[in-house]
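1. fold the following.
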Amino acid sequence: MRGLTVLSTGPLASFQDLGRPGYAHLGVPRSGAADRGGLTLANRLVGNRESAVAVETTLGGWSARATGFVVIAVTGAVAEVTLDGRGVGSHAALGVHPGQVIAVGPPRAGCRNYLAVRGGFAAPHALGSASTDTLSGLGPPPLRVGDHVAVADDRAPWPPTTFAPGPPPTAREHELEARPGPRLSDLTDPSALGRIRWTVNAASNRIGVRLDAPTGAAPTLRPGLDEQPSEGVPLGAVQVPPSGQPVLFLADHPVTGGYPVAAVLTAAAVDRAAQLVAGDVVRLRLR
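-> Predicted structure coming up:
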């Protein structure tokens, strides 16, 4: 069957599409690609619908052997992509012949890549999506060595171009735009959220990016607001627990929470947050 046989997975590789919106009232996150722009670009480059199923890799280390001729594109983080060990670049459509091995190396900047195949991947769906949700467990399990990922053959016409500029050089300090959230006033000093130079904590994942403040600089909550009744939590929410160390919620975030949502990232900032790695410095720019 035409597709790819997984040879290595890296820390985490999973099927992702644009997720399963509309089920938050049932406690189901939208999930889907953490960097939605990376997913949709990969699909456009091979002539797929933007919502077609692709593979999301985390911190590289992913490789697969082609079974039949396939056309792929790799987007997302700045990483070396090789075909039979030879560098072939990224952000462009590429033909892979039967038996050839495509590999995505550890990113030099960022952490997630998206590999789309012309025709999209065939994967089991749950609630209308093939996305692997690491919080609720919905969707197919993460990819494993030996898995065969078949092509679905749901192809659209070829796009006007099959390549795109790669991501610009990425500094270790990132500015993320956000809007004031409904509970910004719950902080004793609301301006601290945008003033502090936050550092990305290693305990970050598809659920959220954890931020650390310099010692003694973390914002505090007004007395009596450590716990509140649970409220809806949107994608991109900047939630501030009693520790004062915010969490930037990504694709697999919980749909409710009891800690204040002090800000909400813009859609573009959510994609950028999905590429943050431990040690990166973050400034939140509230508009």
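2. ranges for the strands of the stretch 1-150 of the chain?
-> 3-9, 12-16, 54-58, 62-67, 70-78, 81-83, 86-87, 94-96, 101-104, 109-117, 148-150 (DSSP state E, counting those that start in this stretch).
3. could you find the closest non-adjacent residue to the spatially most central residue of the chain?
-> Nearest to the mean C-alpha position of the chain, counting by CA atoms, centre = their mean, stands Ala34 at 1.9 Å. Once flanking residues are discounted, Ala34 sits nearest to Ala274: 3.7 Å by CB to CB, 6 or more residues apart in numbering. In short, each C-beta sits where N, CA and C put it, glycine included.
4. worst-scoring helix or strand of the protein, pLDDT-wise?
-> Across the helices and strands of the chain, the lowest-confidence element by mean pLDDT, DSSP states H and E is strand 231-232, at a mean of 88.
5. list the contacts of Asp84.
-> Asp84 sits next to Gln100, Val101 when contact means CB atoms under 8 Å, 6 or more residues apart in numbering.
6. could you check how far it is from Leu193?
-> 48 Å (CB to CB, to the nearest Å).
7. quick check: pLDDT value at Thr170.
-> Per-residue pLDDT puts Thr170 at 63.
8. next up, the contacts around the nearest residue to Gly19 once chain neighbours are set aside.
-> Ranked by CB to CB, 6+ apart and with sequence neighbours excluded, the top spatial neighbour of Gly19 is Gly32, at 2.5 Å. Going by CB under 8 Å, 6+ apart, Gly32 touches Gln16, Asp17, Leu18, Gly19, Arg20, Leu39, Ser129, Ser131, Ala251.
9. before we move on, back to that, closest to Gly137 out of the strands of the stretch 1-150 of the chain?
-> Gly137 lies closest to strand 12-16 among the strands of the stretch 1-150 of the chain, at 12.0 Å (CB to CB).
10. outline the domain layout of this protein.
-> Using automatic domain parsing, the domain parsing of the chain gives 3-150, 173-286.
11. would CSV of those domains with distance to Ala164 be doable?
-> Shown next, in CSV, are the domains of the chain (distance: least, CB to CB, whole Å):
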stretch, distance to Ala164
domain 3-150, 5
domain 173-286, 15
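12. surely Cys176 touches Arg287?
-> Not Cys; residue 176 is Leu. No: assessed by CB atoms under 8 Å, Leu176 is found out of contact with Arg287, at 11.0 Å.
13. between those two, which has more neighbouring residues?
-> Leu176 (23 against 9; other CB atoms under 10 Å).
14. if I pick that one, what's in contact with it?
-> Leu248, Leu265, Ala269, Arg272, Ala273, Val282, Arg283, Leu284, Arg285.
15. just give the number of residues close to the nearest residue to Arg49 once chain neighbours are set aside.
-> Of all residues not flanking Arg49 in the chain, Ala156 sits nearest, at 5.9 Å (CB to CB, 6+ apart). Here the number of neighbours of Ala156 (other CB under 10 Å) works out to 16.
16. go ahead and confirm Ala156 touches Leu45.
-> No: applying CB under 8 Å as the test, Ala156 and Leu45 come out as separate, 11.8 Å apart.
17. what about the helices in the stretch 151-287 of the chain?
-> For the stretch 151-287 of the chain, helices defined by DSSP state H, counting those that start in this stretch occupy the ranges 192-195, 267-273.
18. contacts for the last one?
-> By that I understand helix 267-273. Taking CB under 8 Å, 6+ apart as the rule, helix 267-273 contacts 35-38, 174, 176-178, 209, 235-236, 248, 250, 265.
19. buried ones in it?
-> Ala269, Val270, Asp271, Arg272, Ala273 (16 or more other CB atoms under 10 Å).
20. closest to Ser63 among the residues you listed?
-> Asp271 (25.1 Å).
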